[in-house]
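J.: sequence and predicted structure are below.
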Amino acid sequence: MASATTSLPTTTSSLLLCEALGFSPQLLLDDIINIANNAVQDGVNGMEEFLVKWVEEREERQAKEPKEPEPPAKGRKGKRKAEQPKEPEDMTHEIEQGLVAFQTLLEYHTDIAFDFFEAWSLRNIFFIPPEFEKGRVVVLPHYEGADLGNASSSGGSSKSEAKERELIEELDELRKRLDEQRRLTRLLNRALANSKAAKRRADKRLTQIVSAIPPDSLPTLNTLPKQLLTLYQTVSALPPIEPSLIQPAPSTNSQDSGGGSSIALSGTGKREWEVGSSGYVNWAVNRLVTGARPSTTGNKDESPNTGSTWVEQMEQVTAYVGTAKEVKGALEAFAAKHEDDSMDVE
């Protein structure tokens, strides 16, 4: 019993064999046994096909052969047997029973034979004696020169521990770099998705704009940026504007007979009445006040009592234009119309 236990392969030897061969010996033996079992099954299937074909041919021959007359029945038992109808002989059941017995017998002998083969192979072929393993007689090529035993000196153990710590630190550093690269990859993928979405939106807007613009105006739009660049360069080359010119110019009495208006400009480059409703109101009030002032270039011989006073002239001019409510209503109507026209232009 002791000899049997010592001859069994140990875990270390089995691992050494797996490392040397590149596969597990037990898996190889299992494959061989499976091949033998498949061969047995194929033999049983072939025998079944042969027997079924033989039975069919036998029945066909019996159907073609002429039936011989049976001898006359003798006695009571013979007469009863002759009176009973004869049933055709059915051999299918017998074939099935024989095949089951045949398959059981083959599998039994196959299992016994390959059980012995498996045990013999593990004890003789795929086996490393313990004395060879302990004496390091069997050494794999990649283990040559390696110290697989425990370090005898403290210096060797300290060196191995220091090297192990260095390797662990290097692994940690590599893991950190890998995490950073993964994080950077996620950010780049997100930015790429955002840029693709922005590009799709821009392409959609461009398609809508191109479909809304008539084809005749496309050449004009192509030449527009050059004209804008030339205009920008020209305006940039102009000298700075004086502060006195930016302020609105005071209204003067230089009104012609046709009702000409002053050309006072605001800082935006527009006329005073074009700035907005407040600008228009200021312009209208200045115009009314200027037109209501008494003229100083009249007849010098005329007495001051014959002419109207300043307040009377203002009342006359105001009555000529309209009442305060009428002027305010006209200004509001004009401002509303001006806003509607600007919205239509946009």
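T.: Structure received.

J.: could you pull out the helices in the stretch 151-300 of the chain for me?
T.: Along the stretch 151-300 of the chain, counting by DSSP state H, counting those that start in this stretch, helices occupy 154-212, 218-237, 243-246, 277-292.

J.: mean confidence score for stretch 198-216?
T.: The average pLDDT for stretch 198-216 rounds to 83.

J.: do stretch 66-81 as well
T.: Computed over stretch 66-81, the mean pLDDT rounds to 60.

J.: before we move on, what about stretch 142-151?
T.: 63.

J.: wouldn't residue 44 be in contact with residue 100 here?
T.: No - at 9.2 Å, residue 44 does not count as touching residue 100 under the criterion of C-beta atoms under 8 Å. In this view, the C-beta of every residue, glycine as well, is placed from N, C-alpha and C.

J.: more neighbours, these two?
T.: Each of residue 44 and residue 100 has its neighbours counted (other C-beta atoms under 10 Å); residue 44 has more, 17 against 11.

J.: spatially nearest residue to the more buried one (excluding sequence neighbours)?
T.: Of all residues beyond its chain neighbours, the one nearest residue 44 is residue 103 (4.6 Å), with distances taken as C-beta to C-beta, 6 or more residues apart in numbering.

J.: just the pLDDT at the one you found, thanks.
T.: We have a pLDDT of 90 for residue 103.

J.: same check on the one 4 residues further on?
T.: Residue-level confidence at residue 107 comes out at 92, pLDDT.

J.: element containing it, please.
T.: Secondary structure assignment for residue 107, by DSSP states H and E: helix 92-120.

J.: in that helix, which residues are buried?
T.: Residues of helix 92-120 classed as buried by neighbour count (16 or more other C-beta atoms under 10 Å): 95, 99, 103, 106, 114, 118.

J.: and what of stretch 17-35?
T.: Neighbour-count burial for stretch 17-35 flags 17, 25, 29, 33 (criterion: 16+ other C-beta under 10 Å).

J.: just checking, which of those belong to helices?
T.: Among the buried residues of stretch 17-35, DSSP state H puts 17, 25, 29, 33 in helices.

J.: dump those to CSV, plus pLDDT and distance to residue 190.
T.: Below are these laid out as CSV (pLDDT from 0 to 100; distance: C-beta to C-beta, whole Å):
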residue, pLDDT, distance to residue 190
17, 79, 52
25, 87, 53
29, 92, 55
33, 93, 57
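
J.: which one of these sits closest to residue 231?
T.: Proximity of those to residue 231 (C-beta to C-beta) peaks at residue 17, which lies at 90.1 Å.

J.: my read: the closest one touches residue 128, true?
T.: Yes - with contact defined as C-beta under 8 Å, residue 17 reaches residue 128; the gap is 6.6 Å.

J.: one step back: out of the helices of the stretch 151-300 of the chain, which is the most enclosed?
T.: For these, the stretch with the most neighbours on average is helix 277-292, a mean of 16; neighbours defined as mean count of other C-beta atoms under 10 Å.

J.: helices or strands next to it in the packing?
T.: Helix 277-292 makes packing contacts with helix 310-321, helix 324-345 when contacts are defined by 3 or more C-beta pairs under 8 Å, 6 or more residues apart in numbering; DSSP states H and E.

J.: which of those helices has the lowest mean pLDDT?
T.: Lowest mean pLDDT within the helices and strands packed on helix 277-292: helix 310-321, at a mean of 64.

J.: how's the chain carved up into domains?
T.: Using automatic domain parsing, the domain parsing of the chain gives 2-63+91-143, 177-211, 247-296+308-345.

J.: tell me what the helix holding residue 107 is packed against?
T.: Helices and strands touching helix 92-120, as assessed by 3+ C-beta pairs under 8 Å, 6+ apart, comprise helix 25-64.

J.: hey, what's the angle from the helix it packs on to helix 92-120? Just curious.
T.: Counting by axes from the mean of the first three to the mean of the last three C-alpha atoms, to 10 degrees, helix 25-64 lies at 160 degrees to helix 92-120.

J.: in the stretch 151-300 of the chain, where is pLDDT below threshold?
T.: The model of the stretch 151-300 of the chain has pLDDT under 70 over residues 151-157, 213-225, 241-270, 273, 275, 291-300.

J.: repeat that with 80
T.: Applying pLDDT under 80 to the stretch 151-300 of the chain flags the ranges 151-158, 160, 210-229, 231-233, 235-236, 238-282, 285-300.

J.: hang on, the earlier thing: so how far is residue 109 from the residue nearest to residue 44?
T.: Per C-beta to C-beta, to the nearest Å, residue 103 is found 11 Å from residue 109.

J.: next one: residue 37
T.: 12 Å.

J.: and for residue 132?
T.: Residue 132 is 36 Å from residue 109, where distance means C-beta to C-beta.

J.: circling back: most widely separated two among the ones in helices among the buried residues of stretch 17-35?
T.: Farthest pair in these (C-beta to C-beta) is 17 and 33. Separation: 18.8 Å.

J.: quick check: phi and psi on residue 140?
T.: phi -70, psi 150 (degrees, to the nearest 10).

J.: how about it, nearest residue that isn't a chain neighbour?
T.: residue 20 (5.9 Å).

J.: the one you found is in what secondary structure piece?
T.: Taking DSSP H and E as the definition, residue 20 sits inside helix 11-21.

J.: tell me what angle that helix forms with helix 25-64.
T.: Angle of helix 11-21 versus helix 25-64, following the same axes, to 10 degrees, is 70 degrees.

J.: done for today, thanks.
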